[in-house]
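# Quick one, what's the 3D model for this:
(chains A and B, ligands or ions: 1)
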Amino acid sequence: MNVFCINNAFPPTTIVFSSMEKLFFSVTENPPAKQPNNILYIAKQMMTLFSFSPKDIDFVSVVSGPGSFTGTRIGIVDGKMIAFSLNIPIVSLNSLELLAADFEEEVIPLLPAGRKEYFIARFQNGRRIEQDRCVGEEELSLMKGTFVAPTNSVEKIIKNGKLIVRIPSPFVVAKKSFEKFAEGKVAKEPLSLAPLYLRSVDMIFKKMR
Amino acid sequence: MKILGIETSCDDTASAVVNDKGEVLSNVLSSQEQFHKDFGGIVPEIASRKHAELIGYVIKDALKLSHSEMKDIDAVSVTYGPGLVGSLLVGVEAAKAISFSLDIPLIGINHLEGHIYALFLKGSPLHYVKNPFPLLILIVSGGHTELILMKEHLTYKLLGKTRDDAAGEALDKFARALGYSYPGGPVIEKLGKDGDPNFYHFPRANFPGTAYEFSFSGLKTAGVYYIEKHRDELKSHLNDIAASFEEAVADMLVEKTIRAARDFSVKGIGIVGGVSANKRLRKKFLKKSKTEVYFPGNGFSTDNAAMVAMAGLMRYKKGQRDNLLLDAVSRLELY
Ligand SMILES: [Zn+2]
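Numbers count the residues shown, from 1 in each chain, chains lettered A, B, ... in the order given. Okay, the predicted model is just below:
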């Protein structure tokens, strides 16, 4: 059983192709802003290189946010259209859960949300103890605890806590995907899969005014 | 052979299946109009979100209605510009994912080329003309007003375009000034249907020396100004005023187009884009033109994916294949 994973919700973009026993290939990159999206281009090249074809994919896993609106959308559309085209299942991973996946202690996964806001949640031993939410700089600066983020750009804002910069490894991405699949957390209606935005367009409009 | 078309350049999520004879096997469109109405125009982030939500279902329906499965599709063509970049991206990624999964050709299409190829779909009169070239094309919509000369398939020469507003934009603004919401073109058409087009003579712009260029900003301003100054007349003559404004738009389009048709000795004129559905415009062209005039079939003037599949079919036959780096281009040129 092989999974094809896509994380395009937050940088770096990661794609992983893995069986339960063996990771076949993974690519992690920080694409320059103006480059066309190359997830599928690279995936095709890698598959060919390792003598695989998309037909070898048994299920898809995609990071469905929270994160960059456009980035998450691209990942989700890629993921669900692959699942639909090949008629295979799809599971979705939560960005913050993925960041916290490898920690036993209580951690606060953190992702920049733009406009001086941040997506956070709280996990202990990989299990969620607080829901995803969006907080401002000020609230974040007052928070205590261990933060996990894929970038050190948030260093200055965390005034009362500790920051661990950690990019989820391809092994963690694959492991989490198989876990979700085993738990039966397969999307019942793959085409309905939509990004977890955490912010409505109305809210964005108000902020802009 | 079956080709899948995908179109998400603006606020409609669309997909269609067309066969190698140019026959439309299915044509599905999900309009987002209701979501943007409250904002008085298209909100890009809402459009992108809706496209991402709907795209899979629209494609699924297009397949189902054409009695096809994914494995029956031989190529996928998609609009990659011009348009809203976030909207375009959804369609482009969907097409790339299908091409990747099934290992079938991917063909990127310019939205305007799509509009032109609506004329060549089976059922549209031009489909049955053996050699229609040279062919003059007028693209007229909310975003475009352009005269293009086609000497053969898939080659375009721009003769002239609008210097400012598109014709559809002028209609939209005029409708808004009358208190109607977006999109305004169909509203004006409905209001003006039984109105007197000679009730008021709105000014028709004229540039000496730029024979094939259009300008609608003057007419738009005159229209809005007229509404402000004649609030009292609106009640009793709303239909006449709408008809008069529509008549002015049609006159300007017809005059320049017919001039170009004569100057370039074309065999036919094709009128495409959303505004080409306008009945007053159609009638005027048919009445005034000595050259044969062609319109897209019913329902294929406004944005749709069958036109994208048809353009895709032509490009497929010509050998175009795009790779999985295909990207959305918001300001894509046709010439
Ligand atoms: Zn259009």
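
# Just list whatever residues bridge to A:Phe123.
Judged by DSSP bridges, the bridge partners of A:Phe123 are A:Val107, A:Arg128.

# show me the residues around it that make contact.
A:96-97, A:100, A:103, A:106-109, A:129-130 (CB atoms under 8 Å, 6 or more residues apart in numbering or on different chains). The C-beta positions use only the backbone N, C-alpha and C, and glycine is treated the same way.

# quick one: which of those is most hemmed in?
Among the contacts of A:Phe123, the one with the most neighbours (other CB atoms under 10 Å in any protein chain shown) is A:Leu96, at 30 neighbours.

# Who are the packing partners of the host helix or strand of it?
If you go by DSSP states H and E, A:Leu96 is part of helix A:95-100. For helix A:95-100, the elements it packs on are strand A:106-114, strand A:117-124, strand A:145-149, helix A:170-182, judged by 3 or more CB pairs under 8 Å, 6 or more residues apart in numbering or on different chains; DSSP states H and E.

# Minimum distance to A:Thr48: which of these has it?
Closest approach to A:Thr48 among these is made by helix A:170-182 (19.1 Å; CB to CB).

# quick revisit: now the helices and strands packed on helix A:95-100 in a markdown table, please, with extra columns for distance to B:Asp164 and mean pLDDT.
Formatted as a markdown table, these follow (distance: least, CB to CB, whole Å; pLDDT from 0 to 100):
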| stretch | distance to B:Asp164 | mean pLDDT |
| --- | --- | --- |
| strand A:106-114 | 34 | 95 |
| strand A:117-124 | 39 | 96 |
| strand A:145-149 | 48 | 97 |
| helix A:170-182 | 51 | 97 |
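
# circling back: can you give me the mean pLDDT across the helix holding A:Leu96?
Mean pLDDT, computed over helix A:95-100, is 97.

# likewise stretch B:32-50?
Averaging pLDDT along stretch B:32-50 gives 82.

# give the contact list for residue 36.
In the absence of a named chain, this looks at chain A. B:325-327.

# should've been chain B
Neighbour list for B:His36: B:11, B:42-43, B:46-47, B:182 [criterion: CB under 8 Å, 6+ apart].

# In strands only, show me those.
Judged by DSSP state E, these include no members of strands.

# List the buried residues of stretch B:200-220.
Under the neighbour-count criterion of 16 or more other CB atoms under 10 Å in any protein chain shown, stretch B:200-220 has B:200, B:202, B:205, B:212-216, B:218-220 buried.

# Likewise for stretch B:297-304?
B:297, B:300-304.

# roughly how far out does that stretch sit from the chain middle?
Mean-position distance between stretch B:297-304 and its chain equals 8 Å (CA atoms, centre = their mean, to the nearest Å).

# Quick one: end-to-end distance for it.
Taking CA to CA, to the nearest Å, the first and last residues of stretch B:297-304 lie 12 Å apart.

# From the contact counts, what lies against the helix of greatest length in chain B?
Longest helix of chain B, by residue count under DSSP state H: helix B:231-263. If contacts are counted by 3+ CB pairs under 8 Å, 6+ apart, helix B:231-263 sits against strand B:135-140, strand B:145-150, strand B:157-161, helix B:167-177, helix B:185-192, helix B:217-229, strand B:268-272, helix B:279-288.

# so which helix or strand takes in the nearest residue to A:Phe181 once chain neighbours are set aside?
Closest residue in space to A:Phe181, ignoring its immediate chain neighbours: A:Val91 at 5.5 Å, by CB to CB, 6 or more residues apart in numbering or on different chains. A:Val91 is located in strand A:90-93, with elements delineated by DSSP H and E.

# Give the other helices and strands that that strand contacts.
Here strand A:90-93 touches strand A:59-63, helix A:69-86, helix A:170-182, going by 3+ CB pairs under 8 Å, 6+ apart.
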